[in-house]
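A.B. asks: Quick one: sequence plus predicted model below, questions after.
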Amino acid sequence: MNPHQLVFWILSVIAIGGALGVILSRNPVASVLFLIVTFFAVSGHYILLNAQFLAIVNIIVYAGAIMVLFLYVIMLMNLNGDVEPQKSKLLQFAGIISGGILFLVLLAAFKTTQLSTTPINASTSIGLISELGQVLFTRFVFPFEISSILFLSAMVGAVVIGKKD
Amino acid sequence: MILIITASIIGVVLLFASFLLKHTSSLLHLVTVLFAALFGVAIWEALQPTAILTQSFYLDAIRVDRFTNQFNVLITGCLFLYILLMKKHIAAVGKYKAEYFALIAFIMVGIFMLSSFNSLLVMFLGIEIVSIPQYILAGSDKENLKSTEASLKYFLMGAFSTGFLLMGITLLYGATGNFMVSEFNFLQATSINPIALGGVLLLIVAFGFKVSAAPMHLWTPDVYDGTPTPFTAFMATIVKVAAFVGFMRLFQTSFTAISSSWSLVLAVVIALTLFVGNITAVFQQSVKRMLAYSSIAQAGFMLFAIISLNAIGRQGMLVYTVAYSVASICFFAILIKMKDYTYDGFNGLAKKQPFIAALATIYMLSLAGIPLTGGFMAKYYMLKAVLFEGSYMWLAIFALLMAAVSVYYYFKVIIAMYFKEGEAAMIDSFTKEEKLYLTIGALALLVVGIFPSLLTGTI
Amino acid sequence: MLLLSIDWSFIIEKLILISVILGASLGVATYATWGERKVAAWMQDRKGPSRAGPFGLLQPIADGIKLFFKEEIIPNDANRFLFILGPSLAMLTACMASAVVPWGPSIELESGRVIALQVADINIGILYVFGVVSVGVYGIMLGGWASNNKYSLMGSVRAASQAISYELAMGISLIALLMMTGTLSLAEIVNQQHGFWENGWFTWNVAKQPLGFIIFLVCAFAELNRAPFDLPEAESELVAGYHTEYSSMKLGFYLFAEYVNLFISSAILITLFFGGYNFPFMDQVAGSVSPVVFSIICVLVLLTKTIMMILFFMFIRWTIPRFRYDQLMNLGWKSLIPLALVNMLITGAIIIWVLN
């Protein structure tokens, strides 16, 4: 096992553990903190792929901005473990069954797929910011530019919904 | 292609208009002109000599073909009718009049993307551009708790389904290494990649949510009921049809060869949708809620276009676009004037407003699928498409049965208008123009019902 | 020295560098507290700390010892884990940002080995700093919330909204700078500002991006929770804001992290806008002394500039009164962000039409 693999396994354990923590912990603040841990682990995976830009943007945007707002709302509303509504046993059971079935289907899909063992022939600089900029403004220029419409409408929406009449 | 740019510009212009134009009337004039221009651009694009060819733009990110052009003309036509009928009501919803129209223009951008995408990224963005403004429109009546509830419910469920969509796209990308729907390499049924099948399954769930197909339909009644009526009329018709077109485009271009793997799932979804939509609609007291369930029921029919995977299904989609959207929009335009949204509110409308009652009858007949109306032709094409494919006879029979059930609740409105005594109270009367637009809608339904080849002949 | 396919001498070299940088930043931060009190005293026409040692120079050490030996109180209703995590995170993130600052030019030893005076020259450079800063707000938020105290909560909520609001303007003003430099790597940015004067214009970025610098500076004040933006700990309204309930060394960590942050952000400001370790006539100096001495001179130049920047921060603190919360938000969203956008637009136009 080389250091690369070692780091990969450690990060994976942290990521999955954090994700489980998000859904299993009763306290919403703890959930948010677990989610942040997960984001960090995922960023670690990005760095292993040498996608440095993606890794840091994941931290700045998700861990640093969105999760702060989550925490902000949870703190202001003073949500605690005991405020959380208790779902009925039947609903929980149904959730577990359907989620489990989906999990099984996907697991089976991955199990039976012949994954090609030949690594994708990509240069190591593919995740760096200059390469990313090149691709965004050439191959993916249409999705990139049109997403501005999405953000514009979301901003308009924030004003329309949020502003006092 | 120019259509996407035009719609974006219209949205931006309207945002500027919101603080430059002080008077509502001048804003409404501007809105009419702008959306008429959009309709004009759609027609202009469809009349280009190149319109019958398949053209690709932006490194193949979008691909405009004949169907796209025809659909764009029809949908912008429906939108224009909607704007003409509803603009006053939209402006009355809340304070941010111009913003509502701008959001509608942005939704149109998403709709044009859904009718022309060739890359999964564009499809995803299209769906999001269609969805996010809808969450806002649903919650635009801030005084009303039901509207806020509708918005939040729609947003949460929509975000959840977006998760499915993204996961599906991820799996497809993982299996094929490609975002381009026209060149998925699992097109050959011999080398099906199980991961891709998982992706297809998740995509069915995500699209099923967007078109409110049965087990994913639970948000629909509450959202349609809580949303301010002018926006319900938009969401339940134009947007929904566009989601269907996106659904159909993806599945027909990419997943035809592996249809045996997913069509049974979709068949069950269709049966459930038809059953749930029609049976629940029977028990509704409010006409608005009935229309929400009927939109689920109609979704069941529209899903036939996706399962049948042939040209007849595509033609049926176009007919359905007009028949369903026009009838629903026009009926909503009448409903919005009623004081009481229950069936009893329609009692005795025929005596008071015989003309309006007659028009409403045409819309209801069309929605129920009675011959000579567009609705009949739409259902006919859909059934023909699925029978042509051959393997889903039982589904067609079940659909006919359910169509018979639907007659019950659509006729309940007609019965209330003609055969029940009562004072159908209106909030305000119809202006001459509104009557004209409503008549145009009814005529369109009849023309489509008698000469459907006007819409389908060229495909 | 290859074991487990890892170059151990490289690791040892970096470890030494990290220790030195950490020690130096802690030392500078320690004396920044002394400096702050001296500056305040000077501006208010008093003497300031003057008893412990000559000029009160031993005062910070005495303060440190005092904080260590104070009784440690954790409120009954506080969330213990988060209560301790808060100041730890604040300290951790404060120290982390120093990793990408180039403290001096690389030294080339006679053996051919190159020792970089930068812990990591990563490709994303300045974005790393942003990442660390954006995570840094958790220290304040968690601590304030875990204290289970209204004032603390108010303080932490203010800190969070302030940090997020000003990060935007900061990022956009930085984009304009990055458009001119064409790189995110701080080492590269410093190299581009070599010397002082070249081709008839200043090489330092402050002369190329004056508006960007001002926006960045204002945002840095806000991100650091320094006066005039010290609303999270506005003592006249919130007692002491997020650290009301803190005592002993946990309080010390919060206060200390603030000064470490001050030092690091001053260093980054200098690196980005004031040429980093570059100084006028550095080529002539480099020619006349040995590389090691030259590197030391460069490090000293950087430190001098940084200390001047810190002093500037202190002068502002004792000059301008605190903003009100709505003024803070208005300034951030309605002035700085549009200004930064305009700056970006102008920069883009100049790059396209003038520089090409």
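C.D. replies: Cool, the structure landed.
A.B. asks: which residues in the stretch 51-200 of chain C form strands?
C.D. replies: Ranges of strands within the stretch 51-200 of chain C are C:107-108, C:114-115, C:197-198, based on DSSP state E, counting those that start in this stretch.
A.B. asks: Averaged pLDDT, stretch B:196-213. What do you get?
C.D. replies: Mean per-residue pLDDT for stretch B:196-213: 89.
A.B. asks: And that stretch, what's buried?
C.D. replies: For stretch B:196-213, the buried set under the neighbour-count rule, 16 or more other C-beta atoms under 10 Å in any protein chain shown, comprises B:196-213. C-beta here means a position set from N, CA and C on the backbone, and glycine is covered the same way.
A.B. asks: the longest helix in chain A is where?
C.D. replies: helix A:89-112 (DSSP state H).
A.B. asks: can you check chain B too?
C.D. replies: Longest helix in chain B, counting by DSSP H: helix B:145-176.
A.B. asks: still on that earlier bit, starting from the longest helix of chain A, tell me the next helix or strand along the chain.
C.D. replies: Proceeding N to C from helix A:89-112, the next assigned helix or strand is helix A:129-137, under DSSP states H and E.
A.B. asks: List the contacts of that following helix.
C.D. replies: A:52-54, A:123, A:125, A:144, C:123-124, C:184 (C-beta atoms under 8 Å, 6 or more residues apart in numbering or on different chains).
A.B. asks: Is chain A within reach of the longest helix of chain B?
C.D. replies: Yes: using C-beta under 8 Å from any C-beta of the partner chain, helix B:145-176 reaches chain A at B:151, B:171, B:175.
A.B. asks: if we take those residues, which one ends up nearest to chain C?
C.D. replies: Comparing these against chain C with C-beta to the nearest C-beta places residue B:151 closest, at 23.7 Å.
A.B. asks: Next, the contact list for the closest one, please.
C.D. replies: Applying C-beta under 8 Å, 6+ apart to residue B:151 gives the contacts A:161, B:135-136, B:138-139, B:226-227.
A.B. asks: got any ranges where chain A has weak pLDDT?
C.D. replies: A:1, A:79-86, A:115-124 (pLDDT under 70).
A.B. asks: Export the contacts of residue B:151 as TSV, with columns for neighbour count and secondary structure.
C.D. replies: Converted to TSV, the contacts of residue B:151 look like this (neighbours: other C-beta atoms under 10 Å in any protein chain shown; DSSP: H, G, I helix; E, B strand; the rest coil):
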residue	neighbour count	secondary structure
A:161	15	helix
B:135	23	helix
B:136	25	helix
B:138	26	helix
B:139	26	coil
B:226	23	helix
B:227	29	coil
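A.B. asks: Pull the most distant pair out of the residues you listed.
C.D. replies: Put simply, by C-beta to C-beta the two of the contacts of residue B:151 set farthest apart are A:161 and B:226, 14.5 Å from each other.
A.B. asks: mind checking the longest helix of chain C?
C.D. replies: In chain C, assigned by DSSP H, the helix with the most residues is helix C:8-43.
A.B. asks: mind listing what's buried in it?
C.D. replies: Under the neighbour-count criterion of 16+ other C-beta under 10 Å, helix C:8-43 has C:14, C:17, C:21, C:25-26, C:28-39, C:41 buried.
A.B. asks: got it, and stretch B:384-401?
C.D. replies: B:384-387, B:389, B:392, B:395-396, B:398-399.
A.B. asks: do the same with stretch B:404-420
C.D. replies: By neighbour count with 16+ other C-beta under 10 Å, stretch B:404-420 contains the buried residues B:405-407, B:409-410, B:412-414, B:416-418.
A.B. asks: Around chain C, pick out the residues from chain A.
C.D. replies: Residues of chain A lying near chain C (C-beta under 8 Å from any C-beta): A:2-3, A:29, A:33, A:36, A:52-53, A:55-57, A:59-60, A:63-65, A:68-69, A:71-72, A:75-76, A:128-129.
A.B. asks: can you count the residues close to residue C:321?
C.D. replies: By other C-beta atoms under 10 Å in any protein chain shown, 7 other residues sit near residue C:321.
A.B. asks: How about the one 10 residues further on?
C.D. replies: Under the neighbour criterion other C-beta under 10 Å, residue C:331 is assigned a count of 19.
A.B. asks: Just give the closest residue to it, not the sequence neighbours.
C.D. replies: Closest residue in space to residue C:331, ignoring its immediate chain neighbours: residue C:323 at 7.1 Å, by C-beta to C-beta, 6 or more residues apart in numbering or on different chains.
A.B. asks: I'd assumed that neighbour was in a strand, is it?
C.D. replies: No: per DSSP: H, G, I helix; E, B strand; the rest coil, residue C:323 lies outside any strand segment and is coil.
A.B. asks: picking up where we left off before, select from the buried residues of stretch B:384-401 every entry located in helices.
C.D. replies: Per DSSP H, the subset of the buried residues of stretch B:384-401 in helices is B:384-387, B:389, B:395-396, B:398-399.
A.B. asks: Go ahead and flag the most central residue of chain A.
C.D. replies: residue A:39 (6.2 Å; C-alpha atoms, centre = their mean).
A.B. asks: Which residues does the host helix or strand of that residue contact?
C.D. replies: Following DSSP H and E, one finds residue A:39 within helix A:28-48. Contacts with helix A:28-48, where a contact means C-beta under 8 Å, 6+ apart, come from A:4, A:7-8, A:11-12, A:14-15, A:17-19, A:21-23, A:25, A:52, A:54-56, A:58-59, A:62-63, A:67, A:70-71, A:74-75, A:79-81, A:84, A:127, C:79, C:82, C:138, C:142, C:145.
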